[in-house]
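Trainee: Sharing a model prediction with you, sequence too.
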Amino acid sequence: MSNKKELAVAALQNDTVIDHIPSSMLFKAVKLLGISQLHTHVTIGNNLSSSKLGTKGIIKVADVYFPEATLNRIALIAPTAKVNIIRDFEVVEKHPVVLPDTIVGLVKCGNPKCITNNEPMKTRFEVIDRSDVTIRCHYCGHSVESKDAVIE
Amino acid sequence: MNSNSLVSISDISKDEILGLLEQARYFEENPNHKILDGKVVATLFFEPSTRTRLSFETAVNRLGGRVIGFSDASTTSSSKGETLKDTIKMVSNYVDLIIMRHYLEGAARYASEVTDTPVINAGDGANQHPTQTMLDLYSIYKTQGTLENLTITMVGDLKYGRTVHSLLMAMQYFNPTFRFVACKELEMPAEYKDFCDKNGIKYTEHTDFSADVINSSDIIYMTRVQRERFTDIMEYERVKNLYTLHNAMLDNSRDNLRILHPLPRVNEIDYDVDDNPKAYYFQQAQNGLYARQAIICKALGIEINK
């Protein structure tokens, strides 16, 4: 039964699957990974039933293995997400995303008077609370829960 | 990046704070000391602030250094669209130290990252103003003889007032007791109360600027309640005079009590307080000179042989 569910989207050969993304965060996750720039098969599913999350989103990308740092960006908005690496139809790796200590060039600072919104430069945030994923701007000190963060 | 830069008071340790206070005391006794001979210091004021700029420039001059700079960004190429990075890079070619004030928050941090010349933050928007904090600490230290175990009452705009936030953080090493006196709209933000809780700092909150609060304080730190901070003008009208200090309110206060204010004041301290020996805000501003002399020497890595 559960096997049938997993195959509901597509059979996969060499792929990256990011599963257990909260439905509300799916499209933010798509943006974070830069999927719109890819030319390989991409399958995005949303509002799939999940025993843990109620509903979840899933992203399957064919023939692309993302750098670990890129995948870990997802942790910012979806700490529950799991990464599956598939080679030759076999799951060879399965691990949760890991929130880094600092996040560079990804989140837009919500403070309009912050230097990062007024200079051509990369933003930089430090994780100050891992339980609710609160991040603080390295420059102006403005802090935000990352689920509310604006992705650049 | 230069590790001698001073961008935020949280960049420096307790020992460094105490070291700076000792240096400030030394400069108060010996204000003219030609140890910056041959050094050029830039004061880049992207936002006008006459008091702070004059204090810094006096400090450099009394130390025998030279000053270049500007007091208003409208006369510089940033008005032509030059980035802060480019301005800092260019000025770095000329000087030994950059002192900068900017209307954008985080500007000084960024500047310190793009140059090897040390940077002193003279205020970045509503964010940090560490030399103000040092002069506040020096004023407290000087008038009380210690920074340890004091009761410090902060009054007025505790929500937006960066001076009270920085002072609160810097006092974490010295076992203070804080009293926060403000109306609901301008109360101390939760993040600073959390900071107190996490660091075991005692505090109480009051909406009344009462005799009990005044009479149990060693320091009263007054701040200006600004009309533009209020979304509701009726609320401003209601509270604007609730947090004004009058001379009669000090009748039963402690002998060692001193009144501080970062200035400029408007009406939060009545003029009848000025002649009270407990009023300390003008000397406080003067202490800024000595504190800044100490900070400038530290940023340039200059040791003073007493």
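Mentor: Received the coordinates, thanks.
Trainee: could you give me the average pLDDT of the lengthiest helix in chain A?
Mentor: Taking DSSP state H as the criterion, chain A has its longest helix at helix A:26-33. For helix A:26-33, mean pLDDT rounds to 90.
Trainee: what's the answer for stretch B:15-35, then?
Mentor: Averaged across stretch B:15-35, the pLDDT comes to 95.
Trainee: Return the distance of it from the chain's centre.
Mentor: 17 Å (C-alpha atoms, centre = their mean, to the nearest Å).
Trainee: Using CSV, list the CA coordinates for the longest helix of chain A.
Mentor: Provided in CSV are the C-alpha atoms of helix A:26-33 (Å, rounded to 0.1, in the frame of the first residue of the first chain):
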residue,chain,number,x,y,z
LEU,A,26,6.4,24.1,-1.1
PHE,A,27,6.7,26.9,-3.5
LYS,A,28,9.1,28.8,-1.3
ALA,A,29,11.2,25.6,-1.4
VAL,A,30,11.0,25.5,-5.2
LYS,A,31,12.3,29.0,-5.3
LEU,A,32,15.1,28.3,-2.8
LEU,A,33,16.4,25.4,-4.9
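Trainee: In that helix, which residues are buried?
Mentor: Across helix A:26-33, burial judged by 16 or more other C-beta atoms under 10 Å in any protein chain shown covers A:Leu26, A:Lys28, A:Ala29, A:Val30, A:Leu32, A:Leu33. Backbone N, C-alpha and C define where each C-beta goes, glycine included.
Trainee: Out of those, flag the one nearest to A:Ala62.
Mentor: Closest to A:Ala62 out of the buried residues of helix A:26-33 is A:Leu33 (13.6 Å), distances taken as C-beta to C-beta.
Trainee: show me what contacts the closest one?
Mentor: A:Ile18, A:Ile59, A:Val61, A:Phe66, A:Thr70, A:Leu71, A:Arg73, A:Ile74 (C-beta atoms under 8 Å, 6 or more residues apart in numbering or on different chains).
Trainee: Would you list the phi and psi of the fourth one?
Mentor: Main-chain dihedrals, A:Phe66, degrees, to the nearest 10: phi -80, psi 150.
Trainee: do the same with the first one
Mentor: Main-chain dihedrals, A:Ile18, degrees, to the nearest 10: phi -110, psi 120.
Trainee: Identify the residues contacting it.
Mentor: Residues near A:Ile18 by C-beta under 8 Å, 6+ apart: A:Ala29, A:Leu33, A:Ile58, A:Ile59, A:Lys60, A:Leu71, A:Ile74, A:Ala81, A:Lys82, A:Val83, A:Asn84, A:Val97.
Trainee: most neighbours, which of those residues?
Mentor: Most neighbours among the contacts of A:Ile18, by other C-beta atoms under 10 Å in any protein chain shown: A:Ile74, with 26 neighbours.
Trainee: And the residue of chain A found nearest chain B, which helix or strand is it part of?
Mentor: As assessed by C-beta to the nearest C-beta, chain B sits closest to A:Tyr139 within chain A, at 2.6 Å. For A:Tyr139, there is no helix or strand it lies in under DSSP states H and E.
Trainee: In space, what's closest to it - neighbours in sequence excluded?
Mentor: B:Gly106 (2.6 Å; C-beta to C-beta, 6 or more residues apart in numbering or on different chains).
Trainee: That neighbour touches A:Cys137, doesn't it?
Mentor: Yes - using C-beta atoms under 8 Å, B:Gly106 makes contact with A:Cys137 at a distance of 6.8 Å.
Trainee: Spit out the contact partners of the nearest residue to A:Arg73 once chain neighbours are set aside.
Mentor: Among residues not flanking A:Arg73 along the chain, A:Leu32 sits closest, at 4.7 Å (C-beta to C-beta, 6+ apart). Residues near A:Leu32 by C-beta under 8 Å, 6+ apart: A:Arg73, A:Ile74, A:Leu76, A:Ile77, A:Leu106, A:Ile151.
Trainee: In ChimeraX, select just the buried ones from the residues you listed.
Mentor: Command for ChimeraX, covering only those of those found buried under the criterion 16+ other C-beta under 10 Å:
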select /A:73,74,76,77,106
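Trainee: quick check, nearest of the contacts of A:Leu32 to B:Asp11?
Mentor: Using C-beta to C-beta, A:Leu106 comes nearest to B:Asp11 of the contacts of A:Leu32, at 25.0 Å.
Trainee: With secondary structure and pLDDT added, can I get the contacts of A:Leu32 in JSON lines?
Mentor: JSON lines is the format used below for the contacts of A:Leu32 (DSSP: H, G, I helix; E, B strand; the rest coil; pLDDT from 0 to 100):
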{"residue": "A:Arg73", "secondary structure": "helix", "pLDDT": "88"}
{"residue": "A:Ile74", "secondary structure": "helix", "pLDDT": "91"}
{"residue": "A:Leu76", "secondary structure": "helix", "pLDDT": "89"}
{"residue": "A:Ile77", "secondary structure": "coil", "pLDDT": "89"}
{"residue": "A:Leu106", "secondary structure": "coil", "pLDDT": "88"}
{"residue": "A:Ile151", "secondary structure": "strand", "pLDDT": "82"}
